[in-house]
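Chemist: Provided below for reference: sequence and predicted model.
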Amino acid sequence: MELEVCVSRRRFEADGIDSFELTLPDGGELPPFRAGAHIDLWAPNGMVRQYSLCNHPGERQRYVIGVLRDPKSRGASKAIHAKLSQGDTVKISAPRNHFALASTGRSLLLAAGIGVTPLMCMAQELHAQGADFALHYCARSRIRAAFQEALGTSGYADRVHFHFDDEDPVQHLDLSALLAVPDPDTHVYVCGPAGFIELVKSTAAANGWRSSHIHVEHFGAVAQDLPEPGSFDVVVASSGKTIRVAANTSVADALAQHGVTVPVSCMEGVCGTCITGVLDGVPEHRDCYFSDEEKARNNQFMPCCSRAKSTTLVLDL
């Protein structure tokens, strides 16, 4: 589902970060969502990017996103900051959620930089439920930490802990201490730059945390040391049609060229939009969405970026 929405408010949140409040032109209710959800947004330059919703899930009249103006980006965030203003209309998708809260237990929310956006939404939902949680928010400095005022004046402000790189080391986040003892009743949710995510994951693993209790949301593809892509075949199970995937073509593009459409969005293996079942063969996973356990099952993959280790993949299409 695609929606035309209005930018009803644009607000400065931190150095390089603005929030955008999106509403329907008639003021009606938007599709519902739960904490951890994101939307696709068509930037003014035509690029489509995913942004986490950071307002309370009970608010049906608006979506709020935070956008970092990233000088290393391919242009979407720059276009949004330069050209999207209050009163403009923009196209978005309905919310999707691949980063949902577990149904029970304590929640430990670990954010870095713009990664606070989905975790802020989680904090609001958990607070409304009366659940046990803590939010740790790391930023390079106070001027680069978004939503400080909203977090600091919220009803759960006592559960929010700020950590700034350029201030007294005593207030830096001590992951080794925080994750020292694995707790089977606690789920950890982490979002931020790739280095931060990997540090959390490696610290948790070293201390014996179960990987099923570590939940990750990436904002961009992670650099990987992968072999040069080769060619292989995919078989569409429903028709038996065999399609050759060239070394310089993605599976999604090869399928589209033969009239088989798979929904795609990020094209980096980040958002989960194009997840496709694998009935036979061994995928070469190049995404940063699936956990190691999910990748080891080899029963699904991301045709936008992943390839094949075997000569053929039979796809559940």
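Modeler: Right, received. Where do you want to start?
Chemist: Beyond whatever helix or strand Glu21 lives in, next helix or strand please.
Modeler: With elements taken from DSSP states H and E, the one containing Glu21 is strand 17-23. Past strand 17-23, heading to the C-terminal end, the next element that is a helix or strand (DSSP H and E) is strand 38-42.
Chemist: got a list of contacts for that following strand?
Modeler: Outside strand 38-42, the residues that touch it by C-beta atoms under 8 Å, 6 or more residues apart in numbering are 48-53, 63, 65, 80, 90-99, 118, 265, 271, 273. (Glycine included, C-beta is placed from N, CA and C.)
Chemist: Next: stretch 239-253.
Modeler: Outside stretch 239-253, the residues within contact range by C-beta under 8 Å, 6+ apart are 228-236, 254-255, 257-258, 260, 262, 264, 267, 274, 303-308, 312-313.
Chemist: List the contacts of the spatially most central residue of the chain.
Modeler: By C-alpha atoms, centre = their mean, the mean C-alpha position of the chain lies nearest to Glu217, the distance being 4.1 Å. Contacts here follow C-beta under 8 Å, 6+ apart; on that basis Glu217 touches 36, 52, 98-99, 115, 118, 189-191.
Chemist: any idea how far Leu101 is from it?
Modeler: 12 Å (C-beta to C-beta, to the nearest Å).
Chemist: Quick one, grab the pLDDT at the nearest residue to Asn45 once chain neighbours are set aside.
Modeler: In this structure, Asn45 finds its nearest non-sequential neighbour in Ala79, 4.0 Å apart by C-beta to C-beta, 6 or more residues apart in numbering. Looking at Ala79, its pLDDT reads 92.
Chemist: quick one: Ala79 and Arg49 touch, right?
Modeler: No - with contact defined as C-beta atoms under 8 Å, Ala79 does not count as touching Arg49 (9.7 Å).
Chemist: count of neighbours near Gly58?
Modeler: Gly58 has 10 neighbouring residues, counting by other C-beta atoms under 10 Å.
Chemist: tell me the SS of Ile143?
Modeler: The three-state label for Ile143, taken from DSSP: H, G, I helix; E, B strand; the rest coil, comes out as helix.
Chemist: What number of residues are in the vicinity of it?
Modeler: Here the count is done by other C-beta under 10 Å, and Ile143 has 12 residues near it.
Chemist: Setting aside sequence neighbours, what's the nearest residue to it?
Modeler: For Ile143, ignoring the flanking residues on the chain, the nearest one in space by C-beta to C-beta, 6+ apart is Asp15 at 4.7 Å.
Chemist: Can you give me the domain boundaries for this protein?
Modeler: Listed by automatic domain parsing, the domain ranges of the chain are 2-93, 106-217, 232-315.
Chemist: just to revisit the earlier point, spit out the contact partners of the residue nearest to Asn45.
Modeler: Ala79 touches 43-45, 47, counting by C-beta under 8 Å, 6+ apart.
Chemist: Distance-wise, check it relative to Ala43.
Modeler: Counting by C-beta to C-beta, the gap from Ala79 to Ala43 is 5 Å.
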